[in-house]
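Engineer: Any chance you could fold what I've pasted below:
(2 chains)
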Amino acid sequence: KNQVEQSPQSLIILEGKNCTLQCNYTVSPFSNLRWYKQDTGRGPVSLTIMTFSENTKSNGRYTATLDADTKQSSLHITASQLSDSASYICVVSRNNNAGNMLTFGGGTRLMVKP
Amino acid sequence: GAGVSQTPSNKVTEKGKYVELRCDPISGHTALYWYRQSLGQGPEFLIYFQGTGAADDSGLPNDRFFAVRPEGSVSTLKIQRTERGDSAVYLCASSKQAGGANVLTFGAGSRLTVL
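Structural biologist: Residues are numbered from 1 along each chain as shown, chains lettered A, B, ... in the order given. Below is the predicted model:
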């Protein structure tokens, strides 16, 4: 069964600190992996997208890693800001990248406190 | 438009009623997707359109759910005889085309509460 598991489910950190969110998947065949940020009451917004051959991808203070052998990904947030408070969703795409081929994780709910 | 627009943003209805949720995708995006997101969960695929036709409706949970996109732009998700278990946020997304390196742009969602 195609599944995406994320950990932790929720996380509280102090402003300025770093954190790392984890994603494990069993989706096959694999096409790419995306991390989305979803603010409360809003739709998900894409942060990074990585294909099989990419190990790391950065977008500002966000850095995603991918280990296709172990089927694991992480999202590292550096120098967190209050605006980073959101849910972060890991999404794995199967072979043709269409939206019906996406498997979503349950998300990690991050809260950044001052 | 500049983004994906969904209306209503919130809908409260009684069990057994009929509900319509509207999605206005980004202009020129041929692919349109509907997802359902329960509290604390990731979105679950419902149906996707390529142009006017439903290319994949395998995610619709049962025949109470139906969606149309008659002119290849705006789409309406229709739910008949609503049940309390239908309560969720219904997200719409669009992309320039299905497949390839496209990125989906999501709307803010329609929160449906069935009492």
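Engineer: what about the nearest residue in space to A:Gly16 that is not next to it in sequence, which helix or strand?
Structural biologist: Spatial nearest neighbour of A:Gly16, chain neighbours left out: A:Ala79 (5.9 Å); criterion: C-beta to C-beta, 6 or more residues apart in numbering or on different chains. No exception for glycine: its C-beta is placed from N, CA and C like everyone else's. Following DSSP states H and E, one finds A:Ala79 outside all helices and strands.
Engineer: Which strand residues bridge A:Arg34?
Structural biologist: Using DSSP bridges, the bridge partners assigned to A:Arg34 are A:Ile49, A:Val91.
Engineer: can you count the residues close to it?
Structural biologist: Using other C-beta atoms under 10 Å in any protein chain shown, A:Arg34 has 23 other residues around it.
Engineer: returning to what we had before: wait, the residue nearest to A:Gly16 sits on A:Cys19?
Structural biologist: No: if you go by C-beta atoms under 8 Å, A:Ala79 and A:Cys19 don't touch, sitting 10.4 Å apart.
Engineer: Who has more neighbours out of these two?
Structural biologist: A:Cys19 (18 against 10).
Engineer: how close does the more buried one sit to A:Leu110?
Structural biologist: Using C-beta to C-beta, to the nearest Å, A:Cys19 is found at 7 Å from A:Leu110.
Engineer: For B:Ala108, which residues are in contact?
Structural biologist: A:41-43, B:6, B:9 (C-beta atoms under 8 Å, 6 or more residues apart in numbering or on different chains).
Engineer: now swap in B:Ile47 and tell me
Structural biologist: Applying C-beta under 8 Å, 6+ apart to B:Ile47 gives the contacts B:33-34, B:54, B:56-57, B:59-60, B:67, B:77.
Engineer: Within reach of chain A, which of the residues you listed are there?
Structural biologist: Among the contacts of B:Ile47, the ones lying near chain A by C-beta under 8 Å from any C-beta of the partner chain are B:33, B:56, B:59.
Engineer: In helices, which of the residues you listed appear?
Structural biologist: Among the ones next to chain A among the contacts of B:Ile47, none falls in helices (DSSP state H).
Engineer: Return the member of the residues you listed nearest to A:Asn100.
Structural biologist: Closest approach between the ones next to chain A among the contacts of B:Ile47 and A:Asn100, by C-beta to C-beta: B:Asp56, at 4.4 Å.
Engineer: what bridges to that closest one?
Structural biologist: Beta-bridge pairing of B:Asp56 under DSSP bridges involves B:Tyr48.
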